[in-house]
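A.B. asks: I'll drop the sequence and a predicted model, then ask my questions.
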Amino acid sequence: MPKVIFRTYKQVSSSIDPDRHKAKLKEIEAQRASQLSESEYVDFGEGYYEEEMEEREESEFSLSEGEPALNVAKIDLSFPETIEEFQDSPQCYPESYYTLSPKERLLLLYAENFRKQLVLTYPKRRAMVLALPNECRVQKFVCTTIRPTAFIYPELISSVENIAKFVADFVQYEPLDDPINLPNRLISPDTLLRKRRGNSYEMATLLVSMLNGAGHPALVVSGVAREEIVINDQLAIPYPYPIDSMDTEEAPPPVEKPGQKYKLRGLPDLKSHLEENMAEVHRQRAEEEKRLQDEIIRQQMEDLELLAVDRHHYRRSHAWVVIINNAPWSVKPKTTYVDVNGEVVEAPPTAMFIEPSTGFICETNCKQYILIDSIWNQYNYYVNKQKYQRVRDLRWDLRDTNDWEHMLPGEPPEMRVYKMSSDENIAEEDRDINEEKHLDCICSWVDRLHIGLAEFEQRFPSSEKKVQYKGVIEERFSPYSQRCGKVMQITVYNNDECTDPKVRYEYYENRADLMRHVKYTYATDQYEEIFNKGRNDSLKSLEYFSDSAQTRNVYFYSGSRIDSLDHAIVNPDSMELHYKGRCDKCWYKEFEFTSGNVLKKVVEKFHKAGPLDVGATDIATRTFLFQQNKIILKFHYTFGALTATTVEFTKPPRPDYGKELIYNEKLTKIYKANPLDPTRTNLELYRLLRDQLAYEDQLRKNFEKIYDDINNIFDLRKLEKAEPKLKFSIFDPLRNGAARAIRMRQFEEEEELKREIASKPADFLAPYMVPYKDQGELTQEQSMIIYNACLNDLKSRFVSLLNNLQRQYEDLTSESKSLSRFLNKFENQFDNYDYKRLVQQSKSLELNKRMVQQRLTLTHEESQKKYETVKASLLKDPRLNLKKDSLVRESSDASK
């Protein structure tokens, strides 16, 4: 291509003649048309379309019917600009939005030449997206529309999933007006962040800008997708995300069993296993046959998927994003493997797709994408030249020019593969970029991308988003947009049309009551609520029905409760309590009571105490029968016993106040599981009965307290559901207005103090007046002490500074002389490079020596001036009680 020279750039006039290369281009077109009697390009439909698809005319594969392929996606080489319209527009677009720089015009000229060459070489190929009008109706090269940006929010720099999901939520997807043809616009990512509505090409450009800013090797893909992807129809897609489990029980930690040092050898197996082995062989054979049948069916289904479902199956334009793993230009660690020769080699690049309209990530074997025409990033534009039937068959090594045609040769060095001859010097492989004459891509014309804190928190354009999947409807809300703090709701239905609801999951944030999840089952009318840690009542979850007469389950964080209560089952006439980690080994309590809260029966169960447990009893079950006036104690099984020892007390009448309990052994029944066990004496039984009676009175009080606490929890939950309250952090700048006002006031006070200090003259006596701050007027002796201390400190500071400078000057002088002697002595023993380096080092030493000498002179002169200035200021200070006689005497003493 001939060299193009631009004059000084002006905004209105263009210095490029669009007809300058018209004759040369016509000559090239005629030459290629004569040489290529039949196109080398094999259309994607040929070979595996059905016969009716093969009979379609060429217009079926062109983007615009009736329009020549050479005119599709044509770049206007007159380079129109819209300065008059957008220079003073209310949108305040930067100048780069409505003007074209000289290098941008050269890029467009290259792009148009590249487009024409591909159209002439592959006349049946789909048109390429090279340059599209932006929001100011100015054609811009698509690679320069990408603006890599890293944001300050951790969610946007952490993972690909979070970034893709954010773009799908932040921007509302709009299908192309005419999906058969190419898009008629490509607005900048900056404008898209403000409008928050865009097509697939605009959303893909924004997503690539954010991914590249986060360090991921992402490119925009232009191709053909299925109809449900183009129109963003997700009615046939099952819910893609896992629903958070609502389990209330914590999984127990795994227990490691101690290994055994010695093991007995197992007995030999003398049983015949012929029948089992034959059955296993038949089973494996049946599984292999079934696998082959499934493989045949899968292959047939894949062949059927290649058939066009309608007239526009292979023509719907769409854009998405590809991330090439192990890409040469990626900053991510490379994946390697060991080949057969034992050498560590780099794995070939692989790809994964991201749909910008939904944020879904899939592998290259997904079926929603049909064709890939071209891909591009901020460095270069690549055209797909491979012959394939499915997208999964593509190779993603962009350095291979047999698979990918590069538009710009001046790409990053990591993307270049130099083919050197055998006699070429390998040491000259590293070439200076300034010596190259290739055109490379320029910096982006897009303004800096920015997402405010309020917009980032809002996330959705209308503060909510509703998506219907197959049998599931997902609704998401911005934080603080709902009065109840709801951020997401998932409704699962019994049918795919979403008409018969089954289960509803609700997720909350920023709740004052710390509620996190709510699960509602429509069939049973059951609610399950889960809470975070931190509530005063240590409530963990709550399960209840709309009918209060049914069973209600209350779960607690047992570690934060004094009584270690873990689970409570509440019925209208009974209550079961489960404990965890109590020191008395009690793990279960059951209360049966009447409608007037009068206890009828209490059952307590205990774990068996260990050898190190102190104060624990051997009771396994303790039962209080209040209506029968009985107490039944069942002890743990002893070694070798088949039954448990039981003691049954019939409560004697209560004694009068101040009298001891009278024990009657006839009211006690004892069953000994082992006759050899020692028999309890009457004194031991009396003490045991007395302890149980005392515990019975305590148990009544505990029941009343627990019953009131659980009822208070239910009443509090009713109030919290009726009037939900939200909380916010004290560091939240969007809602904590009082804290923000305090911080702003403190900042203004600090700035005012700084300005006041800067406007006042320096107070030399401030640190020396601290010991006398409570004294009204200083005496003459005190004034002289302060006066001398201030001047002595100033003098010592100057002396120390001058000494350091003098020491530096002497060190530099000594080093310079030593280096000069060394050069004079061994001058003929150095090569040119080392000698020049040593001479340059000597010159640097001389320069540093002159600088230190000059600084030493200036410091000496300024120290005398500053000393006299401070001395005059101290003499004029009214806080010092100084007399001329004392000053004269001090000066004369100092001179002596």
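C.D. replies: Perfect, I can see it now. Numbering: from 1, shown residues only.
A.B. asks: hey, C-alpha coordinates of stretch 578-593 in CSV?
C.D. replies: Coordinates of each C-alpha in stretch 578-593 appear next as CSV, following Å, rounded to 0.1, in the frame of the first residue of the first chain:
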residue,chain,number,x,y,z
HIS,A,578,-33.1,-30.6,72.8
TYR,A,579,-29.8,-29.4,74.3
LYS,A,580,-26.2,-29.7,73.1
GLY,A,581,-23.0,-29.5,75.1
ARG,A,582,-24.4,-29.1,78.6
CYS,A,583,-22.1,-29.8,81.6
ASP,A,584,-24.8,-31.9,83.3
LYS,A,585,-25.1,-34.2,80.3
CYS,A,586,-28.8,-33.4,79.8
TRP,A,587,-29.7,-33.6,76.1
TYR,A,588,-33.5,-33.9,76.2
LYS,A,589,-36.5,-32.5,78.1
GLU,A,590,-40.2,-33.1,77.5
PHE,A,591,-42.9,-31.1,79.2
GLU,A,592,-46.6,-32.1,79.1
PHE,A,593,-49.1,-29.6,80.5
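A.B. asks: Give me the contacts around that stretch.
C.D. replies: Contacts of stretch 578-593 with the rest of the structure, by CB atoms under 8 Å, 6 or more residues apart in numbering, involve 558-559, 563-569, 573-577, 599-609, 613, 615-616, 703, 707. The way it works is simple: take the backbone N, C-alpha and C, and place the C-beta from them, glycine included.
A.B. asks: Then stretch 340-347?
C.D. replies: Outside stretch 340-347, the residues that touch it by CB under 8 Å, 6+ apart are 326, 334-339.
A.B. asks: out of the residues you listed, which is most surrounded?
C.D. replies: In terms of neighbour count, residue 326 stands highest of these at 19 neighbours, by other CB atoms under 10 Å.
A.B. asks: you'd agree that one is up against residue 352?
C.D. replies: No. Contact criterion CB atoms under 8 Å: residue 326 and residue 352 do not qualify, at 11.6 Å.
A.B. asks: The host helix or strand of residue 624 - what's its average pLDDT?
C.D. replies: Using DSSP states H and E, residue 624 sits in strand 619-625. Computed over strand 619-625, the mean pLDDT rounds to 92.
A.B. asks: What strands line up against that strand, and which way round?
C.D. replies: If you go by DSSP bridges, strand 619-625 pairs up with strand 599-606 (antiparallel), strand 630-635 (antiparallel).
A.B. asks: So which of these is nearest residue 866?
C.D. replies: Of all those, it is strand 599-606 that lies closest to residue 866, at 85.8 Å by CB to CB.
A.B. asks: roughly how far out does the host helix or strand of residue 791 sit from the chain middle?
C.D. replies: Element membership of residue 791 [criterion: DSSP H and E] is helix 780-825. In terms of CA atoms, centre = their mean, to the nearest Å, the centre of helix 780-825 is found 55 Å from the chain centre.
A.B. asks: So for that helix, mean pLDDT?
C.D. replies: 88.
A.B. asks: what helices or strands is the helix or strand that it is followed by leaning on?
C.D. replies: Next along the chain after helix 780-825, taking DSSP H and E as the criterion, comes helix 832-876. Judged by 3 or more CB pairs under 8 Å, 6 or more residues apart in numbering; DSSP states H and E, the packing partners of helix 832-876 are helix 780-825.
A.B. asks: Helices along the stretch 401-550 of the chain, start to end?
C.D. replies: Counting by DSSP state H, counting those that start in this stretch, the stretch 401-550 of the chain has helices at residues 453-458.
A.B. asks: Now do the strands in it.
C.D. replies: Along the stretch 401-550 of the chain, counting by DSSP state E, counting those that start in this stretch, strands occupy 404-406, 464-468, 472-477, 486-493, 501-508, 515-521, 526-531, 539-545.
A.B. asks: any chance of the ones you listed in JSON lines, plus distance to residue 215 and mean pLDDT?
C.D. replies: Shown next, in JSON lines, are these (distance: least, CB to CB, whole Å; pLDDT from 0 to 100):
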{"stretch": "strand 404-406", "distance to residue 215": "23", "mean pLDDT": "90"}
{"stretch": "strand 464-468", "distance to residue 215": "28", "mean pLDDT": "93"}
{"stretch": "strand 472-477", "distance to residue 215": "28", "mean pLDDT": "94"}
{"stretch": "strand 486-493", "distance to residue 215": "29", "mean pLDDT": "94"}
{"stretch": "strand 501-508", "distance to residue 215": "31", "mean pLDDT": "94"}
{"stretch": "strand 515-521", "distance to residue 215": "33", "mean pLDDT": "94"}
{"stretch": "strand 526-531", "distance to residue 215": "37", "mean pLDDT": "94"}
{"stretch": "strand 539-545", "distance to residue 215": "40", "mean pLDDT": "93"}
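A.B. asks: To residue 232, which of these lies closest?
C.D. replies: strand 464-468 (9.2 Å).
A.B. asks: Pairing partners for that closest one, with directions?
C.D. replies: Applying DSSP bridges, one finds strand 464-468 paired with strand 472-477 (antiparallel).
A.B. asks: okay, the angle between the partner strand and strand 486-493?
C.D. replies: Relative orientation of strand 472-477 versus strand 486-493 (axes from the mean of the first three to the mean of the last three CA atoms, to 10 degrees): 170 degrees.
A.B. asks: From the chain's centroid, how far away is strand 472-477?
C.D. replies: The chain centre lies 21 Å from the centre of strand 472-477; the measure is CA atoms, centre = their mean.
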